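> A predicted structure for the sequence below; I have some questions about it.
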Amino acid sequence: MNKKLVYILPVIFINVLFFQNCGSGNFESINQISSSLNSEGTGGSEAPFPAEASNDIQTQFSFVNKPEVMMVSETEATIDWTLTENSQGSIEYGKNQQLNSKNPPELSFRFDRHIQSIKNLEPNTVYYYRTLSTNENGDVLYSEINSFKTAAADREPAQDTTENTPPEPTPVQPQQPEVMPPAPAPTPVAGYGAKRPLARTPSSPINPNAFYVAKNGNDSNDGRSVNNPLKTINAGIKKLSPGYTLYVKAGDYSNERINTTLKGTANSLITIEGYRNTPGDNPTITNFNHHSNLNPSIMPYIDGKTRRGTGAMLRGSYFVFKNFQLTNFQNGVMALSINNATVENIIVTNLGRAKEYYNGHGIVFTGARNSNLRNSVVVNAVAEAISFRNSTGNIAEGNSVYCNDDSVKQHFIEGKPIHATSATDYYFILTKSYKNIIRNNYIERVGNLAHQGHGFSVKSDNEDNLFEYNTAVNLLNGGFVVRWRGTKNNLFRKNHAIGANCILTRDGASNNRFEDSLLENCTTALAFMDTLEDRRKQSAGYNNLYKNLQIKNVDQVIHFHWYSYTDALTYDNTFDNLNVDGANSLILGQHNSKNNVIRNSTFSNVDRYLELKSNKKASDIDVRFVNSRCTNCSFQLPN
């Protein structure tokens with residue numbers, strides 16, 4: 001094939017990037033991601049700099065979004081770029097402009113967006129890189145050479161504890177504390193789970209194209225200055241057009257619900273932004289949790305009072321909604337059919353009525369595309385805390401969910417008990433959603449609540465979602481869950497599950513990957529079950545990969561669970577490089593298992609190899625061991 005070469009000139013260098021998370025939207029097949037995540041940079045020859053560009057360049061093969069650094073740590077960087085055509089992608093990189101290392105190219109031409117990770121880098125080092133993409137016609141497209149710098153070893157991001165508020169021209173009274181002291185939380189483990197406290201949003205430059213709202217305002221004012229504000233939020237929203245910002249000063253706005261459609265453009269966003277003292281000061285909610293109190297003097301505060309209705313109903317595209325407190329609604333924030341929008345720095349609490357069926361949602365993205373949910377907190381949502389429905393290409397980052405409400409343990413209708421509790425059902429759930437990135441989020445079920453709680457869950461048809469650097473605490477129905485046969489090709493990596501049940505695979509979920517994660521102090525590390533939820537009995541799960549997992553102090557490492565069928569089947573799963581230290585049983589068998597392989601694994605301080613219940617026999621549990629060993633165990637691994 002006569003390959004054409006497309007090259008972007010001139011070559012330029014960009015500033016060093018530190019801890020930058022860029023972009024939103026789709027990413028390629030999770031198998032494609034996994035290949036790049038597991039690949040190591042290999043030595044190579046000098047980058048093939050073209051002597052002369054071809055005269056028959058196909059200009060339609062070009063960048064939609066040029067390469068950006070999504071994440072950089074001490075030893076790894078993740079690069080994201082999007083093209084006008086499907087292609088194979090690769091990254092050339094090195095410590096100098098010669099770019100002497102290269103990631104292997106992807107295996108297919110199925111995707112126009114590419115996310116690849118460069119691994120095994122040195123800390124505190126500048127690297128140069130460019131992307132190389134080849135379409136099915138053989139056209140080759142190089143990016144400009146850019147650079148990034150890896151983080152210094154053993155260094156946490158600096159936390160800004162100041163208010164970041166410009167000084168007032170006259171003295172001000174001391175402010176109330178922003179939050180109560182945070183409750184003790186599990187200690188983060190380097191390399192796994194969410195990093196806390198989260199970095200706060202810096203102050204924003206003031207937009208001269210702005211309207212202002214304050215409690216001492218009047219809707220007959222023009223609202224064009226801090227000194228002449230409007231009184232109600234909705235009066236300000238009606239005045240917005242592309243490129244404008246509505247600044248809403250902290251205060252108690254009672255039950256003023258927001259219901260709006262915002263239509264900005266890519267170059268002219270519409271922003272609705274709360275502030276504390278000075279527009280753009282971006283008040284922090286860092287460390288807000290179930291012990292904290294809402295405070296109208298910090299950010300705009302809206303109280304639904306009855307746990308009915310929706311606090312903020314948002315539609316449209318290219319907008320930002322940030323810095324608000326919402327409480328006592330049925331739904332906190334409902335974002336419907338949004339596109340290229342951002343919801344950020346929102347607190348929602350006390351949502352829904354436990355005695356009504358599946359009532360109470362915190363923040364919901366429905367039909368969302370290429371949008372972001374950042375640095376927000378949900379406390380005590382009865383049904384779902386954070387959920388994405390029929391949504392593609394979004395990023396949820398730096399959010400927290402807590403539940404400690406156990407006021408309703410069981411509800412009766414006409415004398416019959418129903419399963420209705422005040423405790424949260426789903427803490428973070430995706431349904432029929434694709435190519436989303438769920439990163440650096442923290443969820444916690446506080447105490448022994450009546451509802452067992454579902455953690456980071458993908459349910460129904462979900463593919464190609466990435467869950468990384470998340471922490472789940474005390475979720476009995478699974479800290480990380482894949483369920484239903486349409487859930488496949490999702491990647492979970494660098495996560496941390498603490499207590500209760502750590503990873504649950506159920507109802508036919510297949511071809512998912514759980515990698516490089518820490519599971520500790522759990523009842524079960526890896527559980528499998530099959531129910532009728534997905535319309536028929538099928539399998540608990542098959543062809544999933546569990547790799548490079550650190551498992552500590554658990555009752556069972558693997559549990560083939562009885563619920564709902566003891567004749568269910570778990571098959572063709574691979575457990576690779578498990579490192580287990582402390583367990584009562586390696587396997588608890590309550591349904592059938594076939595052709596599951598445990599390889600390259602180490603088990604220490606495990607009391608029993610196989611525990612059988614539900615009338616199961618050893619012959620029903622087919623697990624094969626390859627290149628694995630036990631130390632200080634009371635048994636020998638089967639051959």
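Received the coordinates, thanks. Residues are numbered from 1 along each chain as shown.
> in terms of pLDDT, where does Ile558 sit?
pLDDT, Ile558: 98.
> list the buried ones in stretch 326-338?
By 16 or more other CB atoms under 10 Å, the buried positions in stretch 326-338 come out as Leu326, Thr327, Asn328, Phe329, Gln330, Asn331, Gly332, Val333, Met334, Ala335, Ser337, Ile338. Placement of C-beta: from N, CA and C, glycine included.
> same question, stretch 430-439
Residues Leu430, Thr431, Lys432, Ser433, Tyr434, Lys435, Asn436, Ile437, Ile438, Arg439 are the ones in stretch 430-439 that count as buried (16+ other CB under 10 Å).
> end to end, how far does that stretch reach?
Across stretch 430-439, the terminal residues are separated by 14 Å (CA to CA, to the nearest Å).
> give me the contacts around it.
21, 24-28, 71, 113, 387-398, 428, 456-470 (CB atoms under 8 Å, 6 or more residues apart in numbering).
> returning to that earlier point: return the member of the buried residues of stretch 326-338 nearest to Tyr609.
Gly332 (47.9 Å; CB to CB).
> excluding residues flanking it in the chain, which one is nearest that closest one?
Closest residue in space to Gly332, ignoring its immediate chain neighbours: Val348 at 3.0 Å, by CB to CB, 6 or more residues apart in numbering.
> helix, strand, or coil at that neighbour?
Look at Val348: counting by DSSP: H, G, I helix; E, B strand; the rest coil, its state is strand.
> my read: it touches Ile386, true?
No: applying CB atoms under 8 Å, one finds Val348 not in contact with Ile386, separated by 9.6 Å.
> any common contacting residues for the two?
Residues touching both Val348 and Ile386 by CB under 8 Å, 6+ apart: Gly362, Ile363, Val378.
> ok, Leu83 - contacts?
Residues counted as contacts of Leu83 (CB under 8 Å, 6+ apart) are Phe61, Ser62, Phe63, Val64, Asp112, Arg113, His114, Ser133, Asn135, Leu141.
> ok, now with 7 Å
For Leu83, the contacting residues are Phe61, Phe63, Val64, Asp112, Ser133, Leu141, by CB atoms under 7 Å, 6 or more residues apart in numbering.
> now Pro279: closest residue in space that isn't a chain neighbour?
Nearest to Pro279 is Tyr247, by CB to CB, 6+ apart, at 4.1 Å.
> what number of residues lie near the one you found?
A count of neighbours around Tyr247, defined by other CB atoms under 10 Å, yields 26.
> check which helix or strand covers it.
According to DSSP states H and E, Tyr247 maps onto strand 245-249.
> just Lys594 next, same as before
strand 592-599.
> likewise for Ile206?
Counting by DSSP H and E, Ile206 is part of no helix or strand.
> distance of it from Lys102?
45 Å (CB to CB, to the nearest Å).
> wait, the residue nearest to Pro279 sits on Glu273?
Yes: when contacts are counted by CB atoms under 7 Å, Tyr247 is listed as touching Glu273 (5.8 Å).
> what pairs with Ala381 across the strands?
Ala381 forms beta bridges with Leu351, as assigned by DSSP bridges.
> so how far is stretch 489-498 off the chain centroid?
Distance of stretch 489-498 from the chain centroid (CA atoms, centre = their mean, to the nearest Å) equals 10 Å.
> which residues touch that stretch?
Contacts for stretch 489-498 (CB under 7 Å, 6+ apart): 29-31, 33-34, 37, 186, 189, 191-193, 458, 462-473, 479-480, 482, 503, 511-522.
> can you flag the buried ones in these?
Buried members of the contacts of stretch 489-498, scored by 16+ other CB under 10 Å, are 29-31, 33-34, 37, 186, 192-193, 458, 462-473, 479-480, 482, 503, 511-522.
> the stretch 151-300 of the chain: strands as residue ranges?
Under the criterion DSSP state E, counting those that start in this stretch, the stretch 151-300 of the chain contains strands at 210-213, 245-249, 251-252, 258-263, 270-275, 300-303.
> quick one: which of the ones you listed is nearest Ser628?
Among the strands of the stretch 151-300 of the chain, the nearest to Ser628 by CB to CB is strand 270-275 (54.7 Å).
> which elements pack onto that closest one?
Helices and strands touching strand 270-275, by 3 or more CB pairs under 7 Å, 6 or more residues apart in numbering; DSSP states H and E, are strand 245-249, strand 319-327.
> tell me the angle of it relative to strand 258-263?
Interaxial angle, strand 270-275 versus strand 258-263 (axes from the mean of the first three to the mean of the last three CA atoms, to 10 degrees): 140 degrees.
> give the pairing partners of strand 270-275; include direction for each.
strand 245-249 (parallel), strand 319-327 (parallel).
> measure Ser90 to Ile79 for me?
Look at Ser90 and Ile79: by CB to CB, they are 10 Å apart.
> more neighbours, these two?
Between Ser90 and Ile79, Ile79 has the larger neighbour count (other CB under 10 Å), namely 27 against 19.
> Lys66 is in contact with the more buried one, correct?
No: with contact defined as CB under 7 Å, Ile79 does not reach Lys66; the gap is 10.4 Å.
> the closest residue to Asn372 other than its chain neighbours: what's it in contact with?
Leaving aside its sequence neighbours, Asn372 sits nearest to Thr342 (CB to CB, 6+ apart; 4.4 Å). By CB under 7 Å, 6+ apart, the contact set of Thr342 is Val320, Ser371, Asn372, Arg374.
> of those residues, which is the most crowded?
Highest neighbour count within the contacts of Thr342: Ser371, with 27 neighbours (other CB under 10 Å).
> what about it, distance to Ser387?
Separation of Ser371 from Ser387 (CB to CB) stands at 14 Å.
> could you do His591 as well?
Distance, His591 to Ser387, by CB to CB: 30 Å.
> quick check: pLDDT value at the closest residue to Arg276 other than its chain neighbours.
For Arg276, ignoring the flanking residues on the chain, the nearest one in space by CB to CB, 6+ apart is Pro283 at 4.2 Å. Per-residue confidence at Pro283 stands at 90 (pLDDT).
> same check on Lys4?
37.
> residue closest to the middle of the chain?
Ile438 (1.5 Å; CA atoms, centre = their mean).
> need phi/psi at that residue.
When read as degrees, to the nearest 10, the backbone of Ile438 gives phi -110, psi 110.
> who does it bridge with?
Beta-bridge partners recorded for Ile438 (DSSP bridges): Ala396, Phe467.
> re the thing from before, could you export the strand holding Lys594 as CSV, CA atoms only?
Taking Å, rounded to 0.1, in the frame of the first residue of the first chain, the C-alpha atoms of strand 592-599 are listed here in CSV:
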residue,chain,number,x,y,z
ASN,A,592,-21.1,-24.4,40.1
SER,A,593,-17.8,-23.2,38.7
LYS,A,594,-16.2,-24.3,35.5
ASN,A,595,-12.8,-23.6,33.8
ASN,A,596,-11.8,-20.8,36.1
VAL,A,597,-8.0,-20.3,36.2
ILE,A,598,-5.9,-18.8,39.0
ARG,A,599,-2.3,-18.2,37.8
